[in-house]
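# Here is the input, now give the coordinates:
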Amino acid sequence: YYNLSVRIIRGRNISGKDLLSKPDCYISLSLPTATAKGDKTKVINNSCNPVWNEAFHYRIQSQIKNVLDLSMYDNDVLHDDLFSQISIDVNQIKAGEKFQHTFHVGKKKDEVLEVELVMEKSPDPPTEVITNGVLVACPILCTEVTVNREKASPNQKVASDESLVLKVNGAFEEEQKNTYKAGLGLLGGRESFIFHRTKDIDTQLEVERMCLTTNPHETGLFTQVSQNTAKLKTAIIYKVSSLTALNDQERKVPLGKGRNVDIEVQNKVCSKDLDVRLNFDLSEDEKNFLEKRLAQVACAMTKSLGLNGSLDHEEVPVVAVVGSGGGTRAMTSLYGSLLGLQKLDLLDCITYINGVSGSTWCMSTLYEDADWSHKQLQDPVFSAQNCVSRKKAGAFSPEHLYYYYNEKTSKKLQRQKMTIADLWGLIIEYMLYGKKNPEKLSNQKEAVLHGQNPYPIYTAVNIRDHMDGQNFAEWCEFTPHEIGFPKYGAFIRTENFNSEFFMGRMIRKCPEPRICYLLGLWSSIFSMNLIEAWTVTTKSSNKWLNWLKKAKENSDDDHLPYIMDNTESKYQLISPPGVTSYFKDFFTDRPAIGEYYNFLHGLQIHRTYKKWNAFVRSKADHPDNYPNQLTPSERKLHLVDSGFACNNGIPLVVRPVRNVDVILSYNYTWGSQFKALKLAEKHCVECQIPFPKIDVSEINEANLKECYMFMDKDDPRVPIVLHFPLVNDTFRHFKAPVWGGRVGIQRCSAEENAEGKVDVRSRNSPYRTRNITYTPQDFDQLVSLQCYNVTNNRDSILEAFRLAVDRRRLRLASSGA
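So this is what the prediction gives:
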């Protein structure tokens, strides 16, 4: 530990925004790694040269990135104006060193602030922490606050509902309360409250007495209650760097006439074991899967390539299928691509399957069958055809509106808010199943238990609501075993997703969400249309709509889907007034993006976190350079469709620990067929991950081929990428592919030629993203096209596999030498 003294000396030549008067300046100090509440200087009124000469003292943990934020304000009656903000990395100050500096705080060069910082080594003994080099888990205390209420006289009644509110700033719980009902006598008694807090952060306990009034009002079938509060009395009873010394101590707190309480505080150290895995490696479950899967891949690869001998474990290439986003088109197309691989007997050569947005609809359905890749895919394809061709209007029937309302109520009982992305997930559930589906992501463990299927990786990104997804998006991977952020090296068990965590420990276990809610999250880009359709109908508005419209510009799709397609345009939404009123409020008040409890909450950032390539260092204004504002500081995750950042999941597939050799990139997006691939390349360059250069300068998007190979001939570490655009090229003329010396079968009859006319380019195409319902014929044609494009490029796929084996052997020889 170190003791830091910060002295705010003076400001010079400070010009306020008010031209008629001089500024009333004060400085706000924030060091969240040391104290839960910010400090501030006194206000110096009417002065351009304020002198404070005030000192503030902090104790800091040396392994944590400690950044002191100074903000200069002009005090105002209505709203304080922010002049300037300064961030100081106090880890750069050495023990025994005095750092005095003059900071520029205005547009003019002579507007400055003088600050002095002194660092001294603390006599306090060091505390053991757990770290992976990016995140730090410090010890946490369970602080039990016991309230002993004095018994009032029999005649003393509570005039209105009252609450006794206890606050511990910086604790996980932050605030807890009990309530006294109006008209009842005040009884004595004891009540205990538990606060989980970081041992090293300065905090305080506040006790408040609040008066509550309720205003019920009817909205059709439902009653809503608004609540007003009035603060009656506040008492700050403790302000200490550690409450540990206050064990078994009791203090009387006066909160008004007849409202005295006695407060007891006891502390104990919580479990040292973490429920968050802080590690950049693969999970043990995924490693076990790879041992089993690669043995099967070795046999399949040996057979497919016609090798004389079997492949050693280290020689087996890791092949990943990557399906892009694209709504129903992506779901349908991925079925076709996988069917093509099955026809080539290459499914057993695949180690990973990754999907974004609409591709996850296909994946999640397939993985309900624990042995799906060893069965004929025609059956799930036929089931998918029934789902896609079924009318979707029933998703807004009164029966289903009540179902959605009941789901919202169930979430509320779990202290969770239903978002519009959640509602979209329930609509996807109706689209895919027509009924409630109990499946959860963790159930898919059975499908990979013996390595019998490729390992599924679903994707989302964590964003900030005021930032472009391409400028700041943190990739989050979802697998049957773990969910986590490779950027931070932090993962939790899938069944614990959306439970409440603090400093790496699970504080409250919540049920794992059903997979329909994850589907809504993984494809939440489509929730924009859901809001827009409802707002047009009800003439309401949603604050998230503009953000979604702007973020959607990153997508390759120029139109998002209609829930009611053209074949259902005569359908009129009819529901009981109460339900309609409720959903009108739902759409105007709810966030459109998925909100889930943040399992990184409370974890600290390590002082050397920037040495990891996942953090952007090249842009000074990038959020990665502001550790106090990174995701661990947030109570909730804001997870959205990966398409907001990049419409394929390559950034998760190319994690160095996965050692992927070949990527079969299937692009199902509308518009540019290489935009998502170029964005994946950009990500890899920024994070210094080996990836081939995607040179499209010689490619004419108006005359695309079915398959393109990208590789680095000089670097065997770089994966080979086979990219399959959304294109109808030779399928127009051939009903069977050309491969292995076999001549393709041309289309002859008018019926066969009509089957080859699959429109995946024009504005009148039935596969535009706005269409989520296809005719059975359109569905079958798209599946056939994608299946054909895979089988017709068998030779290219096998060539990539052969090259991957050779490059593996070359790497082994180089390492052996």
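# Quick one: distance of stretch 123-136 to the chain centre.
Offset of stretch 123-136 from its chain centre (CA atoms, centre = their mean, to the nearest Å): 26 Å.
# could I get that stretch in PDB with only the CA atoms?
The C-alpha coordinates for stretch 123-136 follow below in PDB (Å, rounded to 0.1, in the frame of the first residue of the first chain):
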ATOM      1  CA  PRO A 123       3.100   0.900   7.000                       C
ATOM      2  CA  ASP A 124       0.000  -1.300   6.400                       C
ATOM      3  CA  PRO A 125       0.900  -4.900   5.500                       C
ATOM      4  CA  PRO A 126       0.200  -5.900   1.900                       C
ATOM      5  CA  THR A 127      -3.000  -7.800   1.100                       C
ATOM      6  CA  GLU A 128      -3.100 -10.900  -1.100                       C
ATOM      7  CA  VAL A 129      -4.900 -10.300  -4.400                       C
ATOM      8  CA  ILE A 130      -5.800 -12.600  -7.300                       C
ATOM      9  CA  THR A 131      -5.000 -11.300 -10.800                       C
ATOM     10  CA  ASN A 132      -4.600 -12.400 -14.400                       C
ATOM     11  CA  GLY A 133      -2.600  -9.300 -15.400                       C
ATOM     12  CA  VAL A 134      -5.700  -7.300 -16.500                       C
ATOM     13  CA  LEU A 135      -8.200  -7.700 -13.700                       C
ATOM     14  CA  VAL A 136      -7.500  -7.800 -10.000                       C
END
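# Buried residues, that stretch. List them.
Buried positions in stretch 123-136, judged by neighbour count with 16 or more other CB atoms under 10 Å: Ile130, Thr131, Asn132, Val134, Leu135, Val136. C-beta here means a position set from N, CA and C on the backbone, and glycine is covered the same way.
# same thing with stretch 447-462?
Within stretch 447-462, the residues scored as buried using 16+ other CB under 10 Å are 447-448, 451-462.
# Could I get the average pLDDT for it?
Per-region confidence: stretch 447-462 scores 98 on mean pLDDT.
# Next: stretch 656-675.
On average, the pLDDT along stretch 656-675 is 97.
# Kindly check the end-to-end length of that stretch for me.
One end of stretch 656-675 sits 23 Å from the other (CA to CA, to the nearest Å).
# what ranges do the strands span in the stretch 51-200 of the chain?
Applying DSSP state E, counting those that start in this stretch to the stretch 51-200 of the chain gives strands spanning 51-60, 67-74, 81-89, 98-104, 112-121, 130-131, 135-137, 140-149, 162-168, 175-180, 189-198.
# Against which helices or strands is the fifth one packed?
Applying 3 or more CB pairs under 8 Å, 6 or more residues apart in numbering; DSSP states H and E, one finds that strand 112-121 contacts strand 2-12, strand 67-74, strand 81-89, strand 98-104.
# what's whatever helix or strand comes next after the longest one in contact with?
Reading on from strand 2-12 to the C-terminus, the next helix or strand found by DSSP states H and E is strand 25-30. The contact list for strand 25-30, computed with CB atoms under 8 Å, 6 or more residues apart in numbering, reads 6, 8, 11, 14, 38-44, 47, 50, 52, 56, 68-75, 83, 113, 628.
# Got a PyMOL select line for the buried ones in those residues?
Per 16+ other CB under 10 Å, the buried members of the contacts of strand 25-30 correspond to this PyMOL selection:
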select buried, resi 6+8+11+14+39+41+43+44+47+50+52+56+68+69+70+71+72+73+74+83+113+628
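# Return the helix or strand in the chain with minimum mean pLDDT.
strand 222-240 (a mean of 46; mean pLDDT, DSSP states H and E).
# ranges for the helices of the stretch 401-550 of the chain?
Secondary structure of the stretch 401-550 of the chain (DSSP state H, counting those that start in this stretch): helices at 420-433, 515-522, 527-538, 544-552.
# want to try JSON lines for the strands of the stretch 51-200 of the chain, with distance to Glu264 and mean pLDDT as columns?
Listed next are the strands of the stretch 51-200 of the chain as JSON lines, based on distance: least, CB to CB, whole Å; pLDDT from 0 to 100:
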{"stretch": "strand 51-60", "distance to Glu264": "26", "mean pLDDT": "96"}
{"stretch": "strand 67-74", "distance to Glu264": "35", "mean pLDDT": "95"}
{"stretch": "strand 81-89", "distance to Glu264": "39", "mean pLDDT": "92"}
{"stretch": "strand 98-104", "distance to Glu264": "42", "mean pLDDT": "93"}
{"stretch": "strand 112-121", "distance to Glu264": "35", "mean pLDDT": "96"}
{"stretch": "strand 130-131", "distance to Glu264": "31", "mean pLDDT": "96"}
{"stretch": "strand 135-137", "distance to Glu264": "29", "mean pLDDT": "97"}
{"stretch": "strand 140-149", "distance to Glu264": "4", "mean pLDDT": "86"}
{"stretch": "strand 162-168", "distance to Glu264": "12", "mean pLDDT": "83"}
{"stretch": "strand 175-180", "distance to Glu264": "15", "mean pLDDT": "78"}
{"stretch": "strand 189-198", "distance to Glu264": "9", "mean pLDDT": "87"}
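# most tightly surrounded among those strands?
Sort the strands of the stretch 51-200 of the chain by mean neighbour count, taking mean count of other CB atoms under 10 Å, and strand 135-137 sits at the top with a mean of 23.
# What pairs with that one, parallel or antiparallel?
Applying DSSP bridges, strand 135-137 is found paired with strand 130-131 (antiparallel), strand 604-605 (antiparallel).
# Dump these to a markdown table, plus distance to Thr179.
Converted to a markdown table, those look like this (distance: least, CB to CB, whole Å):
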| stretch | distance to Thr179 |
| --- | --- |
| strand 130-131 | 39 |
| strand 604-605 | 35 |
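# Would you mind listing where the stretch 351-500 of the chain has pLDDT under the threshold?
465-470 (pLDDT under 70).
# Could you check how far Arg329 is from Lys445?
Applying CB to CB, to the nearest Å, the value for Arg329 to Lys445 is 30 Å.
# the more surrounded of the two?
Arg329 (30 against 17; other CB atoms under 10 Å).
# Which pLDDT value does the model give that one?
As summarised for this prediction, Arg329 has a pLDDT of 96.
# In what element of secondary structure is it found?
helix 327-343.
# Let me know the angle separating that helix from helix 420-433.
Interaxial angle, helix 327-343 versus helix 420-433 (axes from the mean of the first three to the mean of the last three CA atoms, to 10 degrees): 50 degrees.
# tell me which residues of the very next helix or strand once past helix 327-343 are tucked away?
Counting by DSSP H and E, the next helix or strand C-terminal to helix 327-343 is strand 352-355. Judged by neighbour count using 16+ other CB under 10 Å, the buried positions of strand 352-355 are Tyr352, Ile353, Asn354, Gly355.
# May I have the strands that pair with strand 352-355, each with its orientation?
Checking strand 352-355 against DSSP bridges gives partners strand 319-323 (parallel), strand 455-462 (parallel).
# how much distance is there from the longest one to the middle of the chain?
Per CA atoms, centre = their mean, the displacement of strand 455-462 from the mean C-alpha position of its chain is 10 Å.
# Using CSV, write out the CA atom coordinates for it.
The C-alpha trace of strand 455-462 is given here as CSV (Å, rounded to 0.1, in the frame of the first residue of the first chain):
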residue,chain,number,x,y,z
TYR,A,455,-18.1,-26.9,-30.5
PRO,A,456,-20.6,-24.0,-30.7
ILE,A,457,-19.6,-20.4,-30.1
TYR,A,458,-22.3,-17.8,-30.0
THR,A,459,-21.4,-14.1,-30.0
ALA,A,460,-22.5,-10.7,-28.7
VAL,A,461,-20.7,-7.4,-28.0
ASN,A,462,-20.8,-5.2,-25.0
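# between it and helix 515-522, how many degrees?
Using the same axes, to 10 degrees: strand 455-462 against helix 515-522 is 50 degrees.
# what about stretch 351-359, start to end distance?
Note: stretch 351-359 ends 17 Å apart using CA to CA.
# Below-threshold pLDDT in the stretch 151-300 of the chain: ranges please.
If you take pLDDT under 70 as the line, the stretch 151-300 of the chain has these spans: 151-161, 180-189, 212-250, 254-259.
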